[in-house]
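K.L.:
I would like the atomic coordinates for the input below:
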Amino acid sequence: MTQKSFKNIDSFSKNKTISFNSLGKNNGSRVRLFLYFSVTTVVALFFLVVGYEISEYSQSMIDTKINENIEIQTNALSNTSIDLSFATKCTVNLSVFNDKYMSEATGVIISNDGYIVTNDHIYQDISNPKIYVFDSNGKRYDAEFIAGDNKFDVSVIKIDANNLNYLPLENDLFINKGDELYSIGRDQSITKGIVCDFLYEANGKSKSVKMIRTDCAVNPGDSGGPVISNGKLVALNCSKTVSVEVEGMSYLLPSDIVKRAVGQLIKDKKITDRAQLGISYKYISPVVAAQNNSISGIKIEIINADSDLYGKDFGEGDVIVALDGAEITSETIFLDWLSNHRAGDNAELTIRKINGTDRQVNITFGADSSYSSYFDE
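P.N.:
The predicted structure follows:
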């Protein structure tokens with residue numbers, strides 16, 4: 001079989017001619033096929049290159065946009081960032097002393113010509129004191145006492161200097177619970193906390209100011225130091241709770257109250273527009289009233305002779321139950337109402353007499369002008 005196969009192959013090769021007639025007849029087709037293939041390849045390469053460039057350009061644009069957004073966000077953050085280094089330059093140490101006693105405190109420069117604001121209680125029990133001010137560089141100044149108020153716990157002093165760094169007081173507060181605060185104390189120390197609450201905290205026997213409660217650490221000597229939020233002076237350090245039942249609560253004097261007080265203390269040497277009703281009272285809550293089958297509201301204990309209620313047939317045991325038509329459901333409502341008025345304003349009270357009858361009475365607020373705890377002997 002092998003021989004036959006070879007023979008057939010040999011015979012086939014001798015008698016037959018192998019030709020590629022199809023190729024011979026279609027040379028034009030081959031050229032067109034080659035050209036088509038070449039053009040297709042070039043076009044494909046062209047689109048690959050163009051696509052790559054478009055992709056790179058698009059990515060570049062996206063990266064640029066992202067970078068721009070990051071830059072915008074960064075700028076936005078930088079615009080609201082807290083420049084504590086500048087705030088510390090405006091913070092001063094105070095030494096208040098006489099031959100027997102000394103008090104150390106903190107203050108903040110509020111004008112370029114040397115006005116400084118601090119707490120009023122730093123003078124307590126120190127008669128005829130000298131006041132030294134030490135700036136952030138340690139330079140000492142003798143300070144002049146201008147005026148103070150022991151209910152707002154604000155006082156103003158002045159040093160003989162010009163072109164000073166200072167922090168302007170904010171008139172409108174826009175801070176909320178949870179906002180971050182930075183408290184600057186003696187020797188420009190800084191602590192951080194948040195706004196915990198807003199409440200009336202008694203300064204001595206007065207509830208004249210709605211304080212900012214915070215968890216910022218406040219140490220001895222920090223009284224009167226500035227408190228910064230969003231790059232602005234929003235409060236002064238004022239007091240703290242010292243009790244085994246309370247952990248780390250301090251109280252701040254809002255800057256709108258400080259600003260209001262400073263203008264009057266410099267001009268008039270006292271607070272002139274603080275409203276007073278001229279009574280001593282006890283608040284009866286709805287729960288206590290229910291327990292004792294009594295009336296909830298502001299129970300009058302004493303009516304002062306300078307009160308507009310004096311001589312109008314009201315007295316001890318009568319209860320103020322509404323303010324300008326609004327029911328009193330908490331002491332805060334009463335204190336807010338009082339603090340939102342000024343001396344000379346008018347208001348309407350609804351008072352329930354002991355005999356159970358209600359009377360409406362229009363009153364005019366008097367002026368509550370207390371003075372500084374600083375005194376001379």
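K.L.:
From now on I want contacts and neighbour counts done on CA atoms only, so please keep to that.
P.N.:
Will do.
K.L.:
Quick check: Asp160 touching Gly114?
P.N.:
Yes: in this structure, Asp160 is within contact of Gly114 by C-alpha atoms under 8 Å, at 6.2 Å.
K.L.:
Find the residue ranges of the chain scoring beneath the pLDDT cut-off.
P.N.:
Along the chain, the model assigns pLDDT under 70 to residues 1-82, 202-205, 241-247, 375-377.
K.L.:
Break it into its domains for me.
P.N.:
Domains of the chain are assigned by automatic domain parsing as 1-81, 180-252, 275-367.
K.L.:
now the helices for the protein?
P.N.:
Assigned helices in the chain, in chain order: 2-15, 21-25, 27-80, 84-89, 255-268, 286-292, 331-339 (criterion: DSSP state H).
K.L.:
For the fourth one, C-alpha coordinates in CSV please.
P.N.:
Output for helix 84-89, consisting of C-alpha atoms alone and laid out as CSV, is shown next (Å, rounded to 0.1, in the frame of the first residue of the first chain):
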residue,chain,number,x,y,z
LEU,A,84,-6.8,81.2,68.7
SER,A,85,-3.3,82.7,68.4
PHE,A,86,-4.8,86.1,67.8
ALA,A,87,-7.3,85.7,70.6
THR,A,88,-4.6,84.9,73.0
LYS,A,89,-2.8,88.1,72.0
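K.L.:
Which positions within that helix qualify as buried?
P.N.:
Neighbour-count burial for helix 84-89, counted by 16 or more other C-alpha atoms under 10 Å, picks out Leu84, Ala87, Thr88, Lys89.
K.L.:
In TSV: these, plus distance to Gly315.
P.N.:
Below are the buried residues of helix 84-89 laid out as TSV (distance: C-alpha to C-alpha, whole Å):
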residue	distance to Gly315
Leu84	53
Ala87	51
Thr88	52
Lys89	54
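K.L.:
now, among these, which is nearest to Phe314?
P.N.:
The shortest gap between Phe314 and any of those belongs to Ala87, at 51.6 Å (C-alpha to C-alpha).
K.L.:
number of nearby residues for the nearest residue to that closest one once chain neighbours are set aside?
P.N.:
The spatial neighbour of Ala87 that comes closest, neighbours along the chain excluded (C-alpha to C-alpha, 6 or more residues apart in numbering), is Leu167 at 7.0 Å. When neighbours are defined as other C-alpha atoms under 10 Å, Leu167 has 23 of them.
K.L.:
so what's Leu167 up against?
P.N.:
By C-alpha atoms under 8 Å, 6 or more residues apart in numbering, the contact list for Leu167 reads Ala87, Cys90, Val108, Ile109, Ile110, Ser111, Lys232, Leu233.
K.L.:
One more: Ile320?
P.N.:
With the criterion set at C-alpha under 8 Å, 6+ apart, Ile320 makes contact with Gly297, Ile298, Lys299, Ile300, Leu349, Thr350, Ile351, Arg352.
K.L.:
Count residues in the vicinity of the first one, would you?
P.N.:
Taking other C-alpha under 10 Å as the criterion, the count of residues near Gly297 is 26.
K.L.:
Check the fifth one too.
P.N.:
By the criterion of other C-alpha under 10 Å, Leu349 has 18 neighbours.
K.L.:
Specify the beta-bridge partners of it.
P.N.:
Leu323, Val361 (DSSP bridges).
K.L.:
right, and it touches Val319 too?
P.N.:
No: counting by C-alpha under 8 Å, Leu349 stays clear of Val319, with 10.1 Å between them.
K.L.:
what touches both of these two?
P.N.:
When contacts are counted by C-alpha under 8 Å, 6+ apart, the set common to Leu349 and Val319 is empty.
K.L.:
thinking again about what came up before, how far away is the residue nearest to Ala87 from Asp120?
P.N.:
Going from Leu167 to Asp120 by C-alpha to C-alpha, to the nearest Å gives 19 Å.
K.L.:
what does Asn219 give?
P.N.:
Counting by C-alpha to C-alpha - Asn219 and Asp120 are separated by 17 Å.
K.L.:
These two: who's more crowded?
P.N.:
Between Asn219 and Asp120, Asp120 has the larger neighbour count (other C-alpha under 10 Å), namely 24 against 15.
K.L.:
and the more buried one, what does it touch?
P.N.:
Asp120 touches Gly148, Asp149, Asn150, Asp153, Val154, Ser155, Ser372, Ser373, Tyr374, counting by C-alpha under 8 Å, 6+ apart.
K.L.:
that older thread, from the contacts of Leu167, which is closest to Val209?
P.N.:
For the contacts of Leu167, the nearest to Val209 is Leu233 (17.5 Å; C-alpha to C-alpha).
K.L.:
Surely that closest one and Glu170 touch.
P.N.:
Yes: taking C-alpha under 8 Å as the definition, Leu233 is a contact partner of Glu170 at 6.4 Å.
K.L.:
Are there residues contacting both of those two? Which ones?
P.N.:
Taking C-alpha under 8 Å, 6+ apart as the criterion, Leu233 and Glu170 both touch Ser255.
K.L.:
More neighbours: the two, which one.
P.N.:
Leu233 (25 against 18).
K.L.:
which residues touch that one?
P.N.:
Neighbours of Leu233 in contact, by C-alpha under 8 Å, 6+ apart: Leu167, Pro168, Leu169, Glu170, Pro226, Val227, Ser255.
K.L.:
I'd like the distance between it and Cys196.
P.N.:
Taking C-alpha to C-alpha, one finds Leu233 at 18 Å from Cys196.
K.L.:
And for Phe314?
P.N.:
Distance from Phe314 to Cys196, counting by C-alpha to C-alpha: 39 Å.
K.L.:
Okay, the nearest residue to Tyr281 once chain neighbours are set aside and Ala367: tell me how far apart.
P.N.:
Sequence neighbours aside, Ile300 is the residue nearest to Tyr281 in space, at 4.6 Å (criterion: C-alpha to C-alpha, 6+ apart). In this view, Ile300 and Ala367 are 19 Å apart by C-alpha to C-alpha.
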